[in-house]
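**Q** Below are the sequence and a predicted model for it; my questions follow.
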Amino acid sequence: MKTIMIGGVAGGASAAARLRRLDETAEILILERGDFVSFANCGLPYFIGGAITDRSALTLQTPESFWARFRVEVRTGSEATAIDPQQKTVTVRELASGRVYQEAYDSLVLSPGAEPVLPPMEGADASHVFTLRNIPDTLKIKAFIEEARPTSAVVVGGGYIGVEMAENLKAAGLDVSIVELSDHLIAPLDFDMAADVHRYIQSAGIRLYLNNGVQAIQGDSVVLQQGQLKAQLVILAVGVRPETALARNCGIALNQRGCILVNSRMQTQIENIYAVGDAVEVQDFVTGKPAFIPLAGPANKQGRIAADNICGIPSQYEGTQGSAVLKLFDMTVATTGLNEKAAQAAGLDYDKTYLYSGSHASYYPGATNMSIKALWDRETLRLLGAQIVGFDGVDKRMDVLATAIRLRAKVTDLASLELCYAPPFGSAKDPVNMLGFVAENIATGKLRQFFWHDVANLPRDGSVTLLDVRTPLEVSRGRIEGFTHIPLDSLRERLQEVPPGKPVYVHCHSGLRSYIACRILQGHGYTCYNLAGGWRLYETLDAAP
């Protein structure tokens with residue numbers, strides 16, 4: 001049996017290694033157009049910024065190491081130019097010599113990946129304009145910085161790659177700006193969770209231009225829809241698209257976006273041809289609907305599944321939920337599942353809440369708070385998605401929430417999880433548990449919420465009571481117009497100041513003390529609503545750029 005993988009990196013290389021582990025007699029060939037068959041593409045920005053100093057660390061496998069360990073033949077610099085499904089052959093062109101030949105296969109795995117989108121604008125092909133996909137791209141950017149000595153850079157696009165590149169260009173000593181067409185960075189985040197990222201990245205010295213786009217690059221001038229920037233280096237990070245021309249030309253079915261259509265076994269509609277990685281359409285694990293979610297973890301799993309099925313082992317890919325984490329200087333940003341935009345697009349009836357919880361016990365030095373947002377199905381309580389922005393401990397909390405989503409847990413199940421605790425690592429009431437407690441209170445009617453986007457529309461005509469239960473010092477630093485101040489610890493003694501028979505809308509700094517205030521008020525017959533996320537979230541959004 002002979003299997004050819006077109007493309008290496010995550011999907012193709014994983015499929016080849018798994019196939020060898022399953023079948024010692026199989027003939028396995030990887031055709032790779034580039035010079036590197038398996039490399040750490042997620043680590044590329046950190047080589048540019050200097051966190052990774054050894055270029056060889058980016059190369060995970062070489063043709064020689066693949067052969068030595070797995071007896072997998074790797075031909076780099078070899079481009080697959082055509083596939084003949086009837087004859088079961090691949091036409092290959094050696095880039096160095098120009099020689100063209102055909103290679104027969106029994107099974108074929110396509111792993112072409114996704115390529116950066118180049119916007120059709122003036123100057124996109126200039127010598128100081130770059131995209132980042134592979135090691136050669138990385139080396140070009142690194143060499144340009146070392147040789148041309150640019151002092152200013154503009155990153156076009158505020159997704160994961162754009163933000164990581166901005167951080168690393170700043171670390172390399174450049175003056176950096178990010179231009180983003182939408183109203184916030186990092187699309188999987190909702191706007192309200194991205195506000196913390198905006199504030200922090202600006203405090204690190206990176207300028208943001210949101211709700212703005214690049215129209216042209218003219219020399220060292222980047223012309224925006226609104227304004228103009230100087231930049232001696234430009235990184236285009238506006239997104240990626242599946243590289244699937246080879247698949248299209250041989251009749252493999254694609255969707256409108258150009259993604260290869262596969263079933264749960266990673267099979268295309270053509271017998272014995274599989275596809276994996278960033279080029280394929282996946283099923284969103286939460287909604288069950290088609291999606292394009294290019295991530296390294298899913299690509300590795302898909303390669304493994306394709307190899308299983310080639311060897312006759314039934315194996316299915318169950319969908320992608322989009323779990324991802326981002327380092328931004330000392331900040332960590334993590335997401336999994338659906339955000340509000342995706343939940344609304346899917347027509348889901350969802351509820352949500354916000355928390356502001358410590359990374360570990362407050363009495364142990366170094367504790368920092370993290371902002372947490374979670375969505376769940378209002379009827380079934382199934383956890384739909386989560387977002388966390390903070391510093392220490394963000395990744396491990398998100399991994400727990402990602403696991404809960406994969407196991408189709410209810411958000412209230414989080415309350416009963418027994419998680420590891422010691423003061424340097426967490427709290428007896430872990431933030432994940434706290435999320436479960438809050439959701440349980442909401443689901444059982446013990447807690448009613450209102451949100452930051454409701455505040456402006458609350459009546460100020462006396463028909464409701466607006467109450468701020470923070471301390472006097474906190475109020476002196478800023479307050480929401482129309483809210484009467486009664487500190488929480490004085491509330492019982494000053495209940496006569498809260499008119500009976502009117503709904504009460506309460507806030508504190510984070511939502512915890514105002515919840516206690518609501519329980520006090522409800523115990524005395526009031527109907528009370530708590531501001532989810534509190535003053536801290538409201539003030540952050542009010543000051544958003």
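**A** The structure has been received and is ready for your questions.
**Q** Beta-bridge partners for the residue nearest to the spatial centre of the chain, please?
**A** The centroid of the chain falls nearest to A324 when counting by C-alpha atoms, centre = their mean (4.2 Å). For A324, the beta-bridge partners are T335 (DSSP bridges).
**Q** Quick check: next helix or strand after the worst-scoring helix or strand of the chain on mean pLDDT?
**A** In the chain, no helix or strand scores lower on mean pLDDT, DSSP states H and E than strand 38-39, which sits at a mean of 68. Next along the chain after strand 38-39, taking DSSP states H and E as the criterion, comes helix 44-49.
**Q** And the pLDDT for the residue nearest to the centre of the chain?
**A** On pLDDT, A324 comes in at 96.
**Q** Burial check on the residue lying closest to A126 once chain neighbours are set aside, number of neighbours?
**A** Among residues not flanking A126 along the chain, I217 sits closest, at 5.8 Å (C-beta to C-beta, 6 or more residues apart in numbering). Just so you know, the C-beta spots here come from the backbone N, C-alpha and C atoms, and that holds for glycine as well. With neighbours defined by other C-beta atoms under 10 Å, the count for I217 comes to 23.
**Q** Render the CA-only coordinates of the strand or helix carrying I217 in PDB, please.
**A** In this assignment (DSSP H and E), I217 forms part of strand 214-218. C-alpha atoms of strand 214-218 as PDB (Å, rounded to 0.1, in the frame of the first residue of the first chain):
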ATOM      1  CA  VAL A 214      -5.700  50.500   4.800                       C
ATOM      2  CA  GLN A 215      -6.400  51.800   1.400                       C
ATOM      3  CA  ALA A 216      -2.900  51.900  -0.100                       C
ATOM      4  CA  ILE A 217       0.800  51.700   0.800                       C
ATOM      5  CA  GLN A 218       2.800  54.400  -0.900                       C
END
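**Q** which other helices and strands contact it?
**A** Where contact means 3 or more C-beta pairs under 8 Å, 6 or more residues apart in numbering; DSSP states H and E, strand 214-218 is packed against strand 221-224.
**Q** to the chain's geometric centre, what's the distance from the strand it packs on?
**A** Distance of strand 221-224 from the chain centroid (C-alpha atoms, centre = their mean, to the nearest Å) equals 28 Å.
**Q** And the next helix or strand past it?
**A** strand 228-230.
**Q** Mind checking the pLDDT average for that next one?
**A** 94.
**Q** Now do the buried residues in it.
**A** L229 (16 or more other C-beta atoms under 10 Å).
**Q** Kindly report the same for stretch 225-236.
**A** Going by neighbour count (16+ other C-beta under 10 Å), the buried part of stretch 225-236 is L229, A231, Q232, L233, V234, I235, L236.
**Q** Would you map the helices across the protein?
**A** Taking DSSP state H, the helices of the chain run over residues 11-22, 44-49, 63-70, 135-148, 160-171, 191-203, 245-249, 296-310, 340-345, 394-406, 431-443, 472-476, 512-523, 534-542.
**Q** Give me the contact list for the third one.
**A** By C-beta atoms under 8 Å, 6 or more residues apart in numbering, the list of residues contacting helix 63-70 from outside reads 13, 16-17, 20, 28, 30, 37-38, 72-76.
**Q** Fine by me, thanks again.
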